[in-house]
Structure formats: structure tokens, C-alpha cells
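1. For reference, the sequence and a predicted model appear below.
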Amino acid sequence: MTKIEPISISLNFDSINESLGFPKKFKDPSYFKGFDRVIDVINKHNIKISIFVIGKDLKNKEIFSRVRDWSSAGHEIGNHSWSHLHNLGSLNVNKINEEIFKTHEIIYKCTKKEPKGFISPSWNISKKIISKLIDLNYAYDHSIFPSFGLFLFYIVNAFNHIGSERFLRMIDRKDWIHHFLLSTKPFFVNKSLKKNTKNKDKQILIMPLPTKSKLHIPLWYTVGFVFGWKFFFKSLKNFLNNNKYFYLLFHPADFTSNQDISFKHKNYLQRFNIPLDEKIKNLKKVFEMISESKRKCLKMYELADYYKKKII
């Protein structure tokens with residue numbers, strides 16, 4: 001009998017707070033009533049997820065307490081950098097180290113657990129990032145977008161930020177070759193971002209964004225908003241049924257909207273004008289499909305451990 005491969009859910013917590021530029025005295029609804037919508041859905045299916053937080057958000061005491069509660073409830077808390085700079089991989093080594101380590105420290109202070117996983121803003125990766133993660137004993141990174149579809153994502157995302165300070169950071173990208181040359185399946189790398197299986201003390205597992213091939217668009221939640229939900233659900237069904245490597249990545253913009261904020265800001269988040277009812281309906285269907293697939297949902301660090309054993 002064929003063994004059913006496990007999967008994971010990765011929530012990259014690109015907060016409303018971050019998208020608005022961290023305004024003072026702003027209580028970010030994505031951490032509260034926004035995430036409560038997710039809790040209602042995943043609790044129904046008894047699923048624990050991995051949540052990758054922006055360190056700067058945790059300076060807020062209420063958010064700090066909220067994230068601690070998520071950890072206590074059994075969810076994994078991972079590192080998504082301190083201030084979510086879209087050109088993180090292109091920055092100098094001191095700035096990169098600061099962005100990673102400050103978030104590492106505040107997550108530990110909050111949860112009493114050292115984070116094991118990382119994902120870079122906009123999948124912007126570099127040898128400098130990987131080197132710091134290895135020094136901090138991270139178990140895995142999932143900042144690789146192993147598809148030529150990265151060009152499309154890059155163009156659409158940059159276009160939606162024209163006029164904001166983020167635009168210049170988004171076009172400051174130097175990591176193309178890593179995404180196009182590295183594997184579509186989990187693999188170990190050393191500090192030079194080269195495949196490595198020999199020195200176990202100086203390596204980290206890379207968990208690329210799931211894709212059928214480098215010529216296909218990877219599947220993550222945003223695909224539903226861009227290419228339509230019929231295409232998304234068909235693709236999700238195929239991934240769930242093929243019993244291969246898979247995790248689903250999503251963001252707060254997938255379960256929040258302009259209905260959640262009481263004042264007007266220039267918001268560059270895509271899909272923020274879509275009604276909540278539609279978003280929640282799709283969210284429920286996604287997790288129903290995952291539950292019906294009978295594929296066990298692990299936290300990302302557990303999935304990383306599973307593939308480490310398979311590779312070794």
C-alpha cells in the first residue's frame with residue numbers, strides 16, 4: 001500500500017500594519033478578528049499551521065500576546081524578517097543579520113522557543129541570508145520560487161507598488177539564478193547556496209514553493225485571485241491527489257479586506273477590495289479539500305524533518 005505523504009500550511013504574515021508602513025496607534029485587525037476567521041476554519045479540521053511573523057509587529061504588546069497564544073495552542077512561529085524589506089537578499093550582510101536576528105530574538109522572548117524556519121519577503125534570497133540561518137541553526141528555509149513564473153510574479157507585484165517606496169526595493173533583485181537553477185523538491189544547501197549533503201553541521205534544508213515543473217506556475221493561495229478560483233481548485237486537487245511534496249502558502253490579505261479598517265490609507269495589497277464573504281467561502285473550501293484528501297497536515301518544521309530523513 002502506498003504511503004500517503006504529509007503536507008503543511010505556511011502563513012506568511014504580511015500584516016496590514018506592514019502594508020500601511022507601520023502607522024502609530026494602529027491596531028492591526030489581521031492579528032485579531034482576521035486570524036480568528038482562520039482559527040475557526042482550521043480548528044474544525046484539527047489542523048496546526050506554521051505562522052511566519054514580521055518581528056517589528058511584535059513590538060506591539062497586544063500582538064506579542066496574541067502570537068504567544070498561537071504558539072501555546074500548538075502552532076509553529078517562524079521568522080519572516082524584522083521589517084519585511086522586499087530586497088532583503090540584496091542588502092549588506094550587517095543589515096541582513098540584523099533583520100533576521102532581531103526577529104529571532106523577539107520570537108524566542110515571546111514563545112520561549114527558538115524559531116526553526118524562515119521565509120524571506122518576496123522570496124528574495126541570497127547566500128548572506130542562508131549563511132546567517134545556518135549560523136543560527138535554522139532547520140529549513142522556504143524562500144525559493146523554482147519557476148520562471150517568478151518573472152510574472154515580480155512584474156505584477158512591482159506594478160501594484162508603483163508610487164510607493166516599496167517599488168524601488170522590489171526592483172532591487174539579484175537572486176534570479178538561484179530560483180531557476182535549484183531543485184523543485186526539498187534539498188540541502190551549504191552557506192554558498194550550493195547543494196550539500198556531506199557536512200551536516202553546516203547545511204540547511206530548502207523547501208521550494210511547490211510546482212509541477214519550472215515551466216509551470218507554482219501553487220500558492222494568491223494564484224486563486226490572479227488566475228481564478230476554478231483554476232486554483234483544479235490545481236489544488238491535482239497536488240493533493242498526486243501524493244507528492246506539497247505545502248500551501250497563504251497571507252493575511254487572503255482573509256482580511258478594506259472592511260476591516262475604519263480609516264483610509266493608500267493600501268498596496270492586491271485583493272484587498274474583494275468582499276470578505278467571498279474570501280471566507282474560498283478559505284473554507286480550501287481546508288475542506290485538504291481535510292478530504294486524507295493527507296496529514298504537519299507543521300512546516302515537522303514536514304522539514306520528514307524530508308530530511310527521506311533525503312539522508
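-> Looks like it came in fine. Residues are numbered from 1 along each chain as shown.
2. Report the buried residues of the helix or strand where I290 lies.
-> Counting by DSSP states H and E, the element that carries I290 is helix 276-292. Using 16 or more other Cβ atoms under 10 Å as the test for burial, helix 276-292 gives 276, 279-280, 282-283, 285-287, 290. To be clear about C-beta, it is placed using only N, CA and C from the backbone, and glycine gets the same treatment.
3. Also stretch 30-37?
-> Buried, per 16+ other Cβ under 10 Å, within stretch 30-37: 30-31, 34-35, 37.
4. low-confidence ranges in the protein?
-> Residues of the chain that meet the criterion pLDDT under 70 lie in 1-2, 158-165, 167-168, 170-171, 197-201, 262-270.
5. Report all helices and strands that the helix or strand following the helix holding I290 contacts.
-> Following helix 276-292 in sequence order, the next helix or strand is strand 297-298 (DSSP H and E). The contact analysis (3 or more Cβ pairs under 8 Å, 6 or more residues apart in numbering; DSSP states H and E) places strand 297-298 against strand 7-12.
6. ok, the strand it packs on: who's next to it in the sheet?
-> strand 50-53 (parallel), strand 247-250 (parallel), strand 297-298 (parallel) (DSSP bridges).
7. tell me the most buried of the ones you listed?
-> strand 50-53 (a mean of 26; mean count of other Cβ atoms under 10 Å).
8. For that strand, give me every contacting residue.
-> The contact list for strand 50-53 (Cβ atoms under 8 Å, 6 or more residues apart in numbering) reads 8-13, 67, 70, 75-80, 103, 107, 117-119, 299-301.
9. run the last query once more with 7 Å
-> For strand 50-53, contacts defined as Cβ atoms under 7 Å, 6 or more residues apart in numbering pick out 8-13, 67, 70, 75-80, 107, 117, 119, 299-300.
10. mind listing the helices for the protein?
-> 16-19, 33-44, 61-72, 93-111, 127-135, 149-159, 166-170, 176-181, 222-227, 229-241, 276-292, 300-311 (DSSP state H).
11. Pick the most buried one from those helices.
-> It is helix 16-19: most buried of the helices of the chain by mean count of other Cβ under 10 Å, with a mean of 23.
12. from the chain's centre, how far out does that one sit?
-> Relative to the centre of its chain, helix 16-19 is centred 15 Å away, using Cα atoms, centre = their mean, to the nearest Å.
13. Put the alpha carbons of that helix into PDB.
-> Coordinates of each C-alpha in helix 16-19 appear next as PDB, following Å, rounded to 0.1, in the frame of the first residue of the first chain:
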ATOM      1  CA  ILE A  16      -1.900  45.100   7.300                       C
ATOM      2  CA  ASN A  17       0.400  47.000   9.700                       C
ATOM      3  CA  GLU A  18       3.400  46.400   7.400                       C
ATOM      4  CA  SER A  19       1.500  47.200   4.200                       C
END
